[in-house]
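> model this:
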Amino acid sequence: MSKSGQARVPTAEQQRHLFEVIRQHHHPEKNTAIMQVSFKLGLRAQEIALLQIKEVTRLNPSGTDFTLLEIMSLPAAYTKGADAMKRSKSHYQRKTVSFSVDGFNKMIHQVETLVKAGAEVNPEDFYPPVNKHRGKSRDLPMVDSELRDALEEYLQLRLRKEPLKPTDPLFITQKGGPYSPNTLQEHMALMLRSWAGIEKASSHSGRRSVITNVIHKQKKSVKVAQKIAGHVNPSTTLIYEDPPEELIGEALKGL
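Coordinates of the predicted model:
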């Protein structure tokens with residue numbers, strides 16, 4: 001089974017059921033497009049929330065018609081750890097700190113000096129600087145027909161209401177504004193768990209499904225999976241080499 005805390009990778013049948021159920025709820029065009037982007041391109045919920053019209057389509061001058069792009073160019077600012085457009089509310093909290101031997105010795109000497117001088121010692125003043133993740137841009141070919149059909153249908157619906165601008169958010173809430181990453185995470189989890197009944201699924205399930213399928217079913221290299229995922233470090237992609245539940249289940253049936 002998947003590790004505790006990891007999003008479940010839905011089976012092919014569960015994915016089909018998910019998209020069938022979405023058609024039975026409100027806003028099927030938008031919700032289908034959101035989940036197609038998740039399951040066909042492997043984007044994080046934050047990245048999907050930050051997408052703009054220009055990332056998926058080329059509008060005509062009046063904003064009343066469009067041509068779907070062949071490749072989605074995802075800016076580095078949209079990726080994990082970035083606060084693009086100030087819509088990410090996540091805050092970094094330290095859980096561990098590490099020092100080199102030389103750095104640790106210098107820190108102890110500084111503390112001793114302050115204590116002897118009778119000065120107040122604040123532990124946070126001695127923490128090493130945070131190495132912030134700057135994100136990684138990536139180009140993702142939009143070649144899947146179901147993905148393209150879903151985006152076409154959703155954008156046509158948007159255009160029937162009003163002209164679009166390239167910098168408009170791709171996905172909007174019922175109130176007409178952009179999704180925050182947290183709100184979209186909750187909405188995607190609702191579709192997966194409550195609507196489709198997929199236990200332990202989350203907004204990360206589509207992303208895990210894409211990367212897992214590339215490694216285990218398509219037998220592509222970790223380098224290919226890393227490029228799709230936008231991981232800076234290949235060791236992060238290697239986490240997805242754990243066999244998905246579907247393969248483990250097949251193995252147990254053969255005992």
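
> quick one, domains of the protein?
According to automatic domain parsing, the chain is divided into the following domains: 12-89+137-253, 93-131.

> can you tell me which of those is packed in deepest?
Using mean count of other CB atoms under 10 Å, the stretch among the domains of the chain with the largest mean neighbour count is domain 12-89+137-253, at a mean of 17. Where C-beta positions appear, they are placed from N, C-alpha and C, glycine not excepted.

> quick one: end-to-end distance for that one.
Domain 12-89+137-253 has an end-to-end distance of 18 Å (criterion: CA to CA, to the nearest Å).

> where are the low-confidence patches of the stretch 101-250 of the chain?
Per-residue confidence of the stretch 101-250 of the chain (counting by pLDDT under 70) places the weak regions at 129-135, 241-247.

> tell me which stretches of the stretch 1-150 of the chain form strands.
The residue ranges that make up the strands of the stretch 1-150 of the chain, judged by DSSP state E, counting those that start in this stretch, are 57-59, 66-68, 71-74, 138-141.

> rebuild those strands as JSON lines, extending it with distance to Gln185.
Conversion of the strands of the stretch 1-150 of the chain to JSON lines gives the following (distance: least, CB to CB, whole Å):
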{"stretch": "strand 57-59", "distance to Gln185": "24"}
{"stretch": "strand 66-68", "distance to Gln185": "26"}
{"stretch": "strand 71-74", "distance to Gln185": "18"}
{"stretch": "strand 138-141", "distance to Gln185": "20"}
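
> circling back: could you dump the domains of the chain to TSV with distance to Gln6?
Converted to TSV, these look like this (distance: least, CB to CB, whole Å):
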stretch	distance to Gln6
domain 12-89+137-253	7
domain 93-131	19
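
> from Thr237, how far off is Gln226?
Look at Gln226 and Thr237: by CB to CB, to the nearest Å, they are 4 Å apart.

> go on, Gln52?
27 Å.

> and if you look at Gly176?
Gly176 sits 37 Å away from Thr237, taking CB to CB as the criterion.

> and Glu152, by the same measure?
31 Å.

> let's see the pLDDT reported for the residue lying closest to Leu50 once chain neighbours are set aside.
Nearest in space to Leu50, with sequence neighbours left out and distances taken as CB to CB, 6 or more residues apart in numbering, is Tyr78 at 4.5 Å. pLDDT recorded at Tyr78 is 84.
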